[in-house]
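Trainee: Structure, please.
(chains A, B, C and D)
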There are 2 protein chains.
Amino acid sequence: MSSQRKHLPADERRAATVEAVVKLAAEQNPSEITTLAIAKHMGLTQGALFRHFPSKDALFEAVMEWVAKRLLGRIDQYASSASPLAALEKMFMAHVEFVCEHPGVPRMLFGELQRAADTPAKRAVQIMIRRYSERLATLLERGKALGEVAAEVDASAAATLFIGTIQGLVMQSLLAGSVERIRAEAPGAFAIYRRGVRSAP
Amino acid sequence: MSSQRKHLPADERRAATVEAVVKLAAEQNPSEITTLAIAKHMGLTQGALFRHFPSKDALFEAVMEWVAKRLLGRIDQYASSASPLAALEKMFMAHVEFVCEHPGVPRMLFGELQRAADTPAKRAVQIMIRRYSERLATLLERGKALGEVAAEVDASAAATLFIGTIQGLVMQSLLAGSVERIRAEAPGAFAIYRRGVRSAP
DNA sequence: TAAAGTAGTAATCAATTACTTACTTTGTAG
DNA sequence: CTACAAAGTAAGTAATTGATTACTACTTTA
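Mentor: This next block holds a predicted model:
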């Protein structure tokens, strides 16, 4: 597919390969993506991949770093908003938008997390989600200080729930077989989350 | 290794095989569980499995039916409680308890859902989760009628969020590498969910 | 424009996979 | 006690996997 010219410079080829994996993950179980499938999708031979990545694991690690950079990058924009609760909403919607654009990403994250082996890719995911959770928890604590978030809310649990809410939406989209469902249900889901953490009006 | 005697009757062997898969899924990516690993875990040769299941897919379908029966069975106990909100809490805790006893189960469900092929196992999961969601939605609507659940809550979104909350806890346990974390965080997570759906006091 | 370096090919590798087949052991009904 | 069907074994199969290698084609540059 992707009728680029052949003979790309190495860094461009690496980037193209990473994006091919992200694209394929939208339609396939990530752990079932073969190097042959990746190469075919780019109009290359399978061996060519190993000119640019020492192993499949290394390729998947690069994909995870691609994800971490893009996702956290979008999230960070809103971290310093005046109202923590408004910031959480914007982050939620930005995350949802990212997932709708790249439906393969949440599958890859979850799939990588549950691997038994301690691969570099898995570690990259762990680091990313931990960083994400920390930012959420900080935001929630700041919300408490400002009186926006109820004092009795467990910030750690609320951070977990934030990510779980998105995971639930992803699961629904897998059930329905349509990514659009996520965009449609996201506001309703966040509304409940918001009621769950905000202080009584 | 489960040192049963050899030469089990067919139905007992089938049950033992299903349970072996559930056990293995607690430590491995379900889509990476091989028939050889299953057989080894039972002290059998690999070929013996195919005396009891026509294919690996059929075995996984049997596993999903095992899960559906057990999980929905536990949930159903509480469906007809007087207070829908109390019923939701009991169901949540029962589900959490089930997941702690069988940590491989949520991995298998999610893993099966994201497969591209339309396997019987995948369909079994879809049916199970849909049924689950419907029961939650019914309970939430009943809660609205009784004034326990806020009228503005989207029951469908709330059902999605209920399942997503558990999925978030599972994700945290994968991050931390400990299942116990789920039991510890479950009450805090549900407290937020409860605040999210209940009507203002 | 010739030489040097880079990117991609095609064939092949060993390992692993789900599944099959021919044979042996075991429990049990008559 | 003994036939015999059920349960398990051992040794295969064909297909697929990630990775390697000797070679070719393209691009850049001196």
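
Trainee: Quick check: next helix or strand after the helix ranked longest in chain A?
Mentor: Counting by DSSP state H, the longest helix found in chain A is helix A:120-146. Using DSSP states H and E, the helix or strand that follows helix A:120-146 towards the C-terminus is helix A:155-176.

Trainee: the inter-axis angle of that next one versus helix B:155-176?
Mentor: In terms of direction (axes from the mean of the first three to the mean of the last three CA atoms, to 10 degrees), helix A:155-176 departs from helix B:155-176 by 120 degrees.

Trainee: quick one on the thing from earlier: so is the longest helix of chain A next to chain B?
Mentor: Yes: remark: helix A:120-146 sits within contact range of chain B at A:126, A:129, A:130, by CB under 8 Å from any CB of the partner chain. All C-beta atoms are positioned from the backbone trio N, CA, C, and that covers glycine.

Trainee: Name the residues of that helix that come out as buried.
Mentor: Neighbour counts using 16 or more other CB atoms under 10 Å in any protein chain shown place A:121-122, A:124-126, A:128-129, A:132-133, A:135-137, A:139-140, A:142-144 of helix A:120-146 among the buried residues.

Trainee: Check stretch A:170-177 too.
Mentor: Here stretch A:170-177 shows A:170, A:171, A:172, A:173, A:174, A:175 as buried, counting by 16+ other CB under 10 Å.

Trainee: Can you tell me how far residue A:151 is from residue A:144?
Mentor: Relative to residue A:144, residue A:151 is positioned 6 Å away (CB to CB, to the nearest Å).

Trainee: and chain A, which of its residues are near DNA strand C?
Mentor: If contact is defined as CB under 7 Å from any atom of the strand, the residues of chain A in contact with DNA strand C are A:6-10, A:13, A:39, A:43-48, A:51-52.

Trainee: Turn the residues of helix A:120-146 next to chain B into a markdown table, including pLDDT and distance to residue A:163.
Mentor: Rendered in a markdown table, the data for the residues of helix A:120-146 next to chain B read as follows (pLDDT from 0 to 100; distance: CB to CB, whole Å):
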| residue | pLDDT | distance to residue A:163 |
| --- | --- | --- |
| A:126 | 95 | 13 |
| A:129 | 96 | 7 |
| A:130 | 95 | 11 |
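
Trainee: Can you name the residue of chain A nearest DNA strand C?
Mentor: Per CB to the nearest atom of the strand, the residue of chain A with the smallest distance to DNA strand C is residue A:47, at 2.6 Å.

Trainee: give the contact list for the residue lying closest to residue A:134 once chain neighbours are set aside.
Mentor: With sequence-adjacent residues excluded and distances taken as CB to CB, 6 or more residues apart in numbering or on different chains, residue A:134 is closest to residue A:159, at 7.9 Å. Listed by CB atoms under 8 Å, 6 or more residues apart in numbering or on different chains, the contact set of residue A:159 reads A:133, A:134, A:136, A:137, A:140.

Trainee: ok, the residue nearest to the third one when sequence neighbours are not counted to residue A:165 distance?
Mentor: Taking CB to CB, 6+ apart, and ignoring the residues beside it in sequence, residue A:136 has residue A:159 as its nearest neighbour in space, at 3.9 Å. As judged by CB to CB, residue A:159 and residue A:165 stand 11 Å apart.

Trainee: and if you look at residue A:87?
Mentor: To residue A:165, residue A:87 is 16 Å away according to CB to CB.

Trainee: what about those two, which has more around it?
Mentor: In terms of neighbours (other CB atoms under 10 Å in any protein chain shown), residue A:165 is the more surrounded of residue A:87 and residue A:165; the figures are 28 against 21.

Trainee: The more buried one contacts residue B:158, correct?
Mentor: No: using CB atoms under 8 Å, residue A:165 is not in contact with residue B:158, being 11.0 Å away.

Trainee: Can I get the helix or strand residue A:19 falls within as CSV, trimmed to CA atoms?
Mentor: Element membership for residue A:19, per DSSP H and E: helix A:10-25. The C-alpha coordinates for helix A:10-25 follow below in CSV (Å, rounded to 0.1, in the frame of the first residue of the first chain):
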residue,chain,number,x,y,z
ALA,A,10,16.7,5.6,7.3
ASP,A,11,15.1,8.0,9.7
GLU,A,12,12.1,8.5,7.4
ARG,A,13,11.8,4.8,6.9
ARG,A,14,11.8,4.2,10.6
ALA,A,15,9.1,6.7,11.1
ALA,A,16,7.0,5.2,8.3
THR,A,17,7.4,1.7,9.9
VAL,A,18,6.3,2.9,13.3
GLU,A,19,3.2,4.5,11.7
ALA,A,20,2.5,1.4,9.8
VAL,A,21,2.4,-0.6,13.0
VAL,A,22,0.0,1.9,14.6
LYS,A,23,-2.2,1.7,11.6
LEU,A,24,-2.2,-2.1,11.5
ALA,A,25,-3.0,-2.3,15.2
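
Trainee: For chain B, see how far away residue A:155 is.
Mentor: Here the distance between residue A:155 and chain B works out to 9 Å (CB to the nearest CB, to the nearest Å).

Trainee: OK, contacts around that residue?
Mentor: Residue A:155 makes contacts with A:137, A:140, A:141, A:144, as judged by CB under 8 Å, 6+ apart.

Trainee: Swap in 7 Å and give it another go.
Mentor: Residue A:155 is in contact with A:137, A:140, A:141, counting by CB atoms under 7 Å, 6 or more residues apart in numbering or on different chains.

Trainee: Tell me the predicted confidence for the first one.
Mentor: The predicted structure scores residue A:137 at 97 on the pLDDT scale.

Trainee: List the contacts of it.
Mentor: With contacts defined as CB under 7 Å, 6+ apart, the neighbours of residue A:137 are A:155, A:156, A:159.

Trainee: could you redo the last one with a cut-off of 8 Å?
Mentor: A:155, A:156, A:158, A:159.

Trainee: again, but for the second one
Mentor: With contact set as CB under 8 Å, 6+ apart, residue A:140 has these partners: A:84, A:88, A:149, A:153, A:155, A:158, A:159, A:197.

Trainee: ok, and the closest non-adjacent residue to residue A:183?
Mentor: For residue A:183, the spatially nearest residue (CB to CB, 6+ apart) is residue A:100, at 5.6 Å.

Trainee: Would you mind confirming that residue A:49 makes contact with residue A:40?
Mentor: No: applying CB under 8 Å, one finds residue A:49 not in contact with residue A:40, separated by 10.8 Å.
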